[in-house]
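Asks: sequence and predicted structure, then a few things I'm wondering about:
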Amino acid sequence: MSRIGKLPIQLPKGVKVSRNGNSLVVEGPKGKSQEFVHLNMIIEIGENEILVKRPDDSKLNRSLHGLTRTLINNAVIGVTEGFTKKLKIEGVGYRAALSQATRGGLTLELGFSHKIEVAAPADVKFTVPSPTEIVVSGISKQVVGELAAKIRSYRPPEPYKGKGVRYEGEVILRKAGKAGATAS
């Protein structure tokens, strides 16, 4: 039995879950999320909890059991609390600002000859507390993580001076520069 898959998913107050075929719709105070679950998985929706069960111990069903439970749990957390990723920008002249061109988007200056415009997809919000900090927040853990990774990919941190875009708390292993000429 899957250690994660057998755990019940607690439903907070104000969260409604409905199933239509292989689609599970979770509605909460922050919005509405839709998850597609494999038809093999048995989803039991109760008053205050959801149980995910598998029909047998085949390899496919064992692999889907924990995954399905985690996806549903992330949808419940997303519509109640939401997910955030924080990014830090380091480098002279590197900065971020909310974009006027793309409503709710982001304008990045990362040392290129041009500015980079990042549009905000639906249900994702950018905040810029300072020119060197970006906060990506939304109800879908996958979309928030992918968008943060996309922003980081424009200028990943380099190992010599540490310039670039990094996740908050990310540690970059620094390399030593060239050693000076040694006298023989």
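Replies: Thanks, I have it. Residues are numbered from 1 along each chain as shown.
Asks: distance-wise, check S33 relative to V76.
Replies: 8 Å (CB to CB, to the nearest Å). Using the backbone N, CA and C atoms, a C-beta is placed for each residue, glycine as well.
Asks: what do these two both touch?
Replies: Here S33 and V76 have V26 as joint contacts, going by CB atoms under 8 Å, 6 or more residues apart in numbering.
Asks: using CSV, write down the CA coordinates of the top helix by length along the chain.
Replies: Scanning the chain for the longest helix, with DSSP state H as the assignment, gives helix 59-80. What follows is helix 59-80, C-alpha atoms only, in CSV (Å, rounded to 0.1, in the frame of the first residue of the first chain):
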residue,chain,number,x,y,z
LYS,A,59,2.4,-1.7,-11.4
LEU,A,60,0.4,1.0,-13.1
ASN,A,61,-2.1,1.4,-10.3
ARG,A,62,0.6,1.4,-7.6
SER,A,63,2.4,4.2,-9.5
LEU,A,64,-0.8,6.2,-10.0
HIS,A,65,-2.1,5.8,-6.4
GLY,A,66,0.3,8.3,-4.6
LEU,A,67,0.4,10.6,-7.6
THR,A,68,-3.4,11.0,-7.8
ARG,A,69,-3.7,11.7,-4.1
THR,A,70,-0.9,14.3,-4.2
LEU,A,71,-2.4,16.1,-7.3
ILE,A,72,-5.8,16.3,-5.6
ASN,A,73,-4.2,17.5,-2.3
ASN,A,74,-2.3,20.2,-4.2
ALA,A,75,-5.6,21.3,-5.8
VAL,A,76,-7.2,21.6,-2.4
ILE,A,77,-4.2,23.5,-1.0
GLY,A,78,-4.2,25.8,-4.1
VAL,A,79,-7.8,26.9,-3.8
THR,A,80,-7.5,27.5,0.0
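Asks: would you mark the buried spots in it?
Replies: 61, 64-80 (16 or more other CB atoms under 10 Å).
Asks: quick one: end-to-end distance for stretch 26-44.
Replies: Terminal residues of stretch 26-44 lie 14 Å apart, using CA to CA, to the nearest Å.
Asks: give me the distance from it to the chain's centre.
Replies: For stretch 26-44, the distance from its own C-alpha centre to the chain's C-alpha centre is 18 Å (CA atoms, centre = their mean, to the nearest Å).
Asks: what lies in contact with it?
Replies: So stretch 26-44 is contacted by 12, 14-19, 21-25, 50-55, 60-61, 64-65, 68, 71-72, 75-76, 78-82, 123, 139-140 (CB under 8 Å, 6+ apart).
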